[in-house]
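Chemist: The following comprises the amino acid sequence and a computationally predicted model.
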Amino acid sequence: MAVLMVNGKRRRVNAEDDMPLLWAIRDLLRLKGTKFGCGAGLCGACTVHVDGQMTRSCQVSIADAVNAQVTTIEHVGQSKIGAKVQAAWQKLDVPQCGYCQSGQIMSAAALLEENPHPSDKDIDKAMSGNICRCGTYKRIRAAIHLAAKS
Amino acid sequence: MQQRLDPSRREILVSGRNLASACLIGFAVTKTLGPGEAHAKDGQGNAVFKPNAYLSIASDNTVTCVIGKSEMGQGTLTGIAQLIGAELGCAWKDIRVIQAGSDPAFGFPSNGFMVTGGSTGLRSEWQRMREMGAAARMMLQAAAANQWGVSVEQTRVDAGAVFGPSGQQLRYAQLGQAAANLPVPVKVQLIAKPGDSFIGQSMPRVDTDEKTTGKAVYGVDIEVPDLLTAIVISSPRLQAKLKSFDGSKALKRPGVSDVIAISSGVAIVGDHYWAVNSAREDVRIEWHKGPLENLDMDGIAESFQDALKSDGQLAQKTGSIQNSANRPSISRTVLQPFLAHACMEPMNVTVKIEKKSADVWGPVQAQSLVQKAVARVAGLDSKSVKVHTTFLGGGFGRRSAVDFVIAAAEIAKSVSKPVKLMYSREDDMRAGRFRPFNAAKITGTLDEKGALVSLDAKVAVPSVSALSGFPFLLRKDGVDPQAVEGLIDLPYDIPSTQVRWVNHDIGVPVHFWRSVGASHNPFVLETLIDELALKAGRTPLEFRRQMLQKKPGHLAVLNRLADIARFEETARGGIGRGLALVQSFGSIVGEAAEVRIVGEDLRVEKVICVVDSGVAVNPSQVEAQMESSIVYGLSAFLRGQITISDGEIEQSNFHDYEPLRISEMPQVVVHLMPSGGKPGGIGEPGLPPLLPAIANAIFDLTGKSVETLPFSA
């Protein structure tokens, strides 16, 4: 039994210590917004914030997430920057299939928390871990710039 | 504008009867509702005005559009809602979209077959959905006219209200019950003008809100009572059958309840994904060797080269191929690789089978085929299988297969509980159904004036339509149009053409992949054209212009592209430029690429796209689909290949099948030039010209033609 701090709440999860945080979030806490894309830290669909840091939740075990603040897509809008990012995404109609977008938004929010006015190179570096098969990259970039300005 | 997708939500009933029997408008039954039959109740028991299966209006003016196309990112739900709303004359903010259940009413108007693919969603519903909206509008106007004692001609509509000649005004909500007392008109008047209604405007997508807040429900997210989760271990070697297995160790793991054999492998069933996936290594399995034991890329290439030597079947012949002994000609033979769809959402589906009925929840494209497949496994009638379509985390054609549905159904039947089958990324990469490996040889012959006078093409590729479960797409003469698209019916004016198809199936599972035959055939043709142009002493632009004199629409796209890409100016130093023009799925797309080669690295710096999709129902979404296809095609060009060794797929995850990342994005510019008429497709047409445009740019820069894909410097 582990206790996690998820989206500002203490949550108990009954699972083996080595269970990836991703699956605890999705199947034990039943927060479905964080997505499974590859299980290997290659695609970014599972991105959450752990103590404010962009983190691939499929690569972090429950044991390593105990005592840390975990934020998922369901809660990121509670922060000023998270809300700005979501608003920019909505203004530009960024998502197509949308499956990667929770991870994209989480990565973008983490970027903007650290770097309020990122250059295109900064965006490349921060967002390269998030794959989009629908190819929404042009709009993702525009939305990050829009959120930075707003 | 929120789409509500609640798997437990019941379908709207019409006067207590099921949708299907009452509202089969357009499909076989042309019955429209009579007076009083358009009264209905929504899921909460509130009275609504429901003149057909596709829309209803509630007492708060909410317009619920029920749409049966699968939303995989292409914007079909938004586009179709625009068609309905434009004729209905409601406000955009009042529209809610509901995913339809499985019913012939939501299949093609011509035959009730329910599938989303071939970039046909909006085009196939263009007429019907506008008529449905128009019929409702006419009834509301008539109800208002009756109430005011004026003629219908004296009324007009705007943003969900009817206006009379002397300042009278009633909202649709206020008129719904009176309208429902009227008969539904059989003949309707379409009044929405593109550009002056929702049609032609970049309306905001109906699903953006959910997709940016983690609320959107995909197949992987489905939860139903008593749900078990399963994975399937299938043979590493393609087409090899199960010999024996021992699941005893796996069964000891916490959260694992069953280990069973199904037709495609061994299923591990349990509480949730991590529990069953962790047990993968605990199952001892022996596989038969299977028919593809020695299959490898050298063998495959040789097999396709050999296939090109046979005659195959004639797909098209125009004019007569001149004996071109004395004429300059160029032949080009290109082999192109297997490609995976690699949707972001791994394959999955949830199936529940009961004695007299079955339910399927998930990201599927071919609902009619899903019903048939589950019915066969469950021993039921197709009509007893209900398909509840979720959002699709990418489709690209892959989710119109039913292999994963059959597997889930077999497991569900075996354990007598609802089962969600989930693929790992490795399962997804290897679980077949690829864009087929193919080979094409094309010869172009010039006359003394340097004009292209004959084109002789042969393509060796399996019948994707037949192998994908869509044999009815074959022509009467047995030719699969999907095998030869991009080579037949060319817009270019070439006096003699011959296209032959060698149906070459080597046993690797294949399926429709974004733009299908047009994903590989135009590559060979459009690169050959640039080589021929050089031989003829003409620019690629002039050479194409010459052949498009009778096709003003195609010429217009080409000229616009040349203009925007400044093709007639000298390129900047170190930059190669190339273009390609392809008509597919009802739209004409020209693309131009600018590339640079730095050391060993190819840098695609810019892609310009000009698209004529007839009517651009949502310009922003047309642009988005072109951007999407360009990225999808560029991934394929740079790194796309699925390879086989000893009959096993070598790739497993995104490290060895790596899609384009944001840092590799070229600058992309899209210009729309809709020429009017009807809408053409937008999901696929942006892909076919992309690969040849880049290859032509490389040819321009280096003089070397791209012989193999994916590209290597």
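Modeler: Yep, that arrived.
Chemist: Poorly predicted segments of the stretch 1-150 of chain B, please.
Modeler: Applying pLDDT under 70 to the stretch 1-150 of chain B flags the ranges B:1-31.
Chemist: now with 90?
Modeler: Low-confidence regions of the stretch 1-150 of chain B, defined by pLDDT under 90, span residues B:1-35, B:42-44.
Chemist: Equivalent analysis for chain A, please.
Modeler: For chain A, the ranges with pLDDT under 90 are A:1, A:67.
Chemist: Pick out the residue of it closest to chain B.
Modeler: A:Gly33 (2.2 Å; C-beta to the nearest C-beta). The way it works is simple: take the backbone N, C-alpha and C, and place the C-beta from them, glycine included.
Chemist: B:Ser357: neighbour count?
Modeler: When neighbours are counted by other C-beta atoms under 10 Å in any protein chain shown, B:Ser357 registers 14.
Chemist: Report the contact partners of it.
Modeler: B:380, B:384-386 (C-beta atoms under 8 Å, 6 or more residues apart in numbering or on different chains).
Chemist: need those in a markdown table with distance to B:Gly34, pLDDT and neighbour count, can you?
Modeler: Converted to a markdown table, those look like this (distance: C-beta to C-beta, whole Å; pLDDT from 0 to 100; neighbours: other C-beta atoms under 10 Å in any protein chain shown):
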| residue | distance to B:Gly34 | pLDDT | neighbour count |
| --- | --- | --- | --- |
| B:Leu380 | 33 | 98 | 18 |
| B:Ser384 | 29 | 98 | 16 |
| B:Val385 | 31 | 98 | 25 |
| B:Lys386 | 28 | 98 | 19 |
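Chemist: any chance of the residues you listed in CSV, with secondary structure too?
Modeler: What follows is those, written out as CSV (DSSP: H, G, I helix; E, B strand; the rest coil):
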residue, secondary structure
B:Leu380, coil
B:Ser384, helix
B:Val385, strand
B:Lys386, strand
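Chemist: all strands of chain A, in order?
Modeler: Counting by DSSP state E, chain A has strands at residues A:2-6, A:9-13, A:47-50, A:53-56, A:69-71.
Chemist: of all those, which gets the most neighbours per residue?
Modeler: Stretch with highest mean neighbour count among the strands of chain A: strand A:47-50 (a mean of 25; mean count of other C-beta atoms under 10 Å in any protein chain shown).
Chemist: gap between that one and the chain center?
Modeler: 5 Å (C-alpha atoms, centre = their mean, to the nearest Å).
Chemist: Can you report phi and psi for B:Phe699?
Modeler: Backbone torsions of B:Phe699, given as degrees, to the nearest 10, read phi -60, psi -40.
Chemist: pLDDT score assigned to it?
Modeler: Confidence at B:Phe699, expressed as pLDDT, is 98.
Chemist: Which positions in the stretch 1-150 of chain B make contact with chain A?
Modeler: B:71-75 (C-beta under 8 Å from any C-beta of the partner chain).
Chemist: Just these: which are in helices?
Modeler: If you go by DSSP state H, the residues of the stretch 1-150 of chain B next to chain A have nothing in helices.
Chemist: if we can go back for a sec, mind putting the strands of chain A in a markdown table, distance to B:Val453 included?
Modeler: Converted to a markdown table, the strands of chain A look like this (distance: least, C-beta to C-beta, whole Å):
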| stretch | distance to B:Val453 |
| --- | --- |
| strand A:2-6 | 70 |
| strand A:9-13 | 72 |
| strand A:47-50 | 57 |
| strand A:53-56 | 58 |
| strand A:69-71 | 66 |
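Chemist: Which of those strands sits closest to B:Ala366?
Modeler: strand A:47-50 (31.9 Å; C-beta to C-beta).
Chemist: Tell me which strands the closest one pairs with, and in which orientation.
Modeler: strand A:53-56 (antiparallel), strand A:69-71 (antiparallel) (DSSP bridges).
Chemist: so the residue of chain A closest to chain B makes contact with A:Gly77?
Modeler: No. Checked against C-beta atoms under 8 Å, the pair A:Gly33 and A:Gly77 is beyond contact range at 10.9 Å.
Chemist: Quick check: neighbours shared by these two?
Modeler: In contact with both A:Gly33 and A:Gly77: B:Thr213, using C-beta under 8 Å, 6+ apart.
Chemist: So for these two, which residue has more residues nearby?
Modeler: A:Gly33 (24 against 19).
Chemist: which residue sits closest to the spatially most central residue of chain A in space, ignoring its chain neighbours?
Modeler: The centroid of chain A falls nearest to A:Met106 when counting by C-alpha atoms, centre = their mean (3.0 Å). Leaving aside its sequence neighbours, A:Met106 sits nearest to A:Thr47 (C-beta to C-beta, 6 or more residues apart in numbering or on different chains; 4.2 Å).
Chemist: Give the bridge partners for that neighbour, please.
Modeler: Here A:Thr47, judged by DSSP bridges, has bridge partners A:Arg56.
Chemist: got the contact list for it?
Modeler: So A:Thr47 contacts A:34, A:54-57, A:102-104, A:106-107, A:110, A:129-130 (C-beta under 8 Å, 6+ apart).
Chemist: what does the stretch 401-550 of chain B have sitting close to chain A?
Modeler: B:424-425.
Chemist: What residue in the stretch 401-550 of chain B comes nearest to chain A?
Modeler: Taking C-beta to the nearest C-beta, the stretch 401-550 of chain B has B:Arg425 as its residue nearest chain A, at 4.3 Å.
Chemist: Return the backbone torsion pair for the spatially closest residue to that residue that is not a sequence neighbour.
Modeler: With sequence-adjacent residues excluded and distances taken as C-beta to C-beta, 6+ apart, B:Arg425 is closest to A:Cys38, at 4.3 Å. Torsion angles at A:Cys38 (phi, psi; degrees, to the nearest 10) stand at phi -150, psi -20.
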